Every structure is written in C-alpha cells, then in structure tokens.
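**Q** 3D, please:
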Amino acid sequence: MPALLKTIFLSIVALIGALLALTLVSSAGGWLPSLFGLHPGSEAQLGWDLAFSVLGGIAAIAFATYYAPCWPRAHGTSVWLLLVLGAGYGLWLMGGDFPRWFAVSLLLSLPVQLLLGWWFGRRPSRSATQA
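**A** Numbering: from 1, shown residues only. Below is the predicted model:
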C-alpha cells in the first residue's frame, strides 16, 4: 500500500508541477512584450501571446511526462486534455474577440504541443544508461 500512495502522490506532484510550468511560461510571455515595445492589442502582441501559449503547453506536457512516476504519456495527455478544454472554452466564450488566424492557429497547435511535449519529456531508457 505505501508504494501505491507514493505513486499517487508523485503523479499529483507531476501534474501540479506541469500547471506551474504552464503558469510560469505564460506569465513570462505576459511581461516580456513591454520590454520589446509591443503595443497591447496589436497583431504582434497577439502573435506573441499565441507563441507563449504554445510554449507553455509544451513545457507543461513535457514536465508532466518527465516527472510522472509511471505511464508518462498518460500524464502528458491528461495535461493536454486540460489545455484542449481551456482553449475550447476560451474560444467559445471569446472567439469573436480574436482574429480568425489566432483561433485556427491555437487549435492547430494543440496536437503539435502534445507531440513536442512528449518528445521533450521523454527520458532515456534505463537499459541504455546501464550499458
């Protein structure tokens, strides 16, 4: 029973850490544009926000995948599903406030976020490191 509790605890920590990684990358994307002189509401600012949304998703999926105690892709996929729900909900409520290219790019980036997050979150196999 203690091994099961440890696995559950580490899974929760990996998922919470993934959400923190998403928050950190997204918040960095929020304060950096003012340093570069991007004006709020401009197309460049919107592109910047999209880029950091995608980078945040990749970082979150990679974190959950890397630190999962077991079934790493399932952990990454669960974070990805939260991103899909968040993107869908945001576009449903505020979709008309954004240009069509933003909505389409955000939706098309979701599978890319999953694949890159899995790729960056992979760990070398134990048999390769023991040789």
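
**Q** in stretch 94-112, what's buried?
**A** Using 16 or more other Cβ atoms under 10 Å as the burial criterion, the residues of stretch 94-112 that qualify are 98, 102, 103, 105, 106, 109, 110. Every residue, glycine included, has its C-beta placed from N, CA and C.

**Q** the fourth one contacts residue 50, doesn't it?
**A** Yes. Residue 105 sits in contact with residue 50 when judged by Cβ atoms under 8 Å, with a separation of 5.8 Å.

**Q** returning to that earlier point: could I get the buried residues of stretch 94-112 as TSV with pLDDT?
**A** Shown next, in TSV, are the buried residues of stretch 94-112 (pLDDT from 0 to 100):
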residue	pLDDT
98	82
102	87
103	87
105	93
106	91
109	96
110	96
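
**Q** quick check: buried residues in the helix or strand harbouring residue 88?
**A** Here residue 88, judged by DSSP states H and E, is contained in helix 72-94. By neighbour count on 16+ other Cβ under 10 Å, the buried set for helix 72-94 is 72-73, 75-80, 82-84, 87, 91.

**Q** quick check: mean pLDDT across that helix?
**A** Across helix 72-94, pLDDT averages out at 93.

**Q** next: stretch 23-31.
**A** Per-residue scores along stretch 23-31 average to 88.

**Q** now do the buried residues in that stretch.
**A** By neighbour count on 16+ other Cβ under 10 Å, the buried set for stretch 23-31 is 25, 26, 29.

**Q** sitting in helices, which of those do you find?
**A** If you go by DSSP state H, the buried residues of stretch 23-31 have 25, 26, 29 in helices.

**Q** what's near enough to touch the second one?
**A** What that stands for is residue 26. By Cβ atoms under 8 Å, 6 or more residues apart in numbering, the residues touching residue 26 are 52, 53, 56.

**Q** can we see that at 10 Å?
**A** Residues in contact with residue 26 (Cβ atoms under 10 Å, 6 or more residues apart in numbering) are 49, 52, 53, 55, 56, 57, 59, 60.
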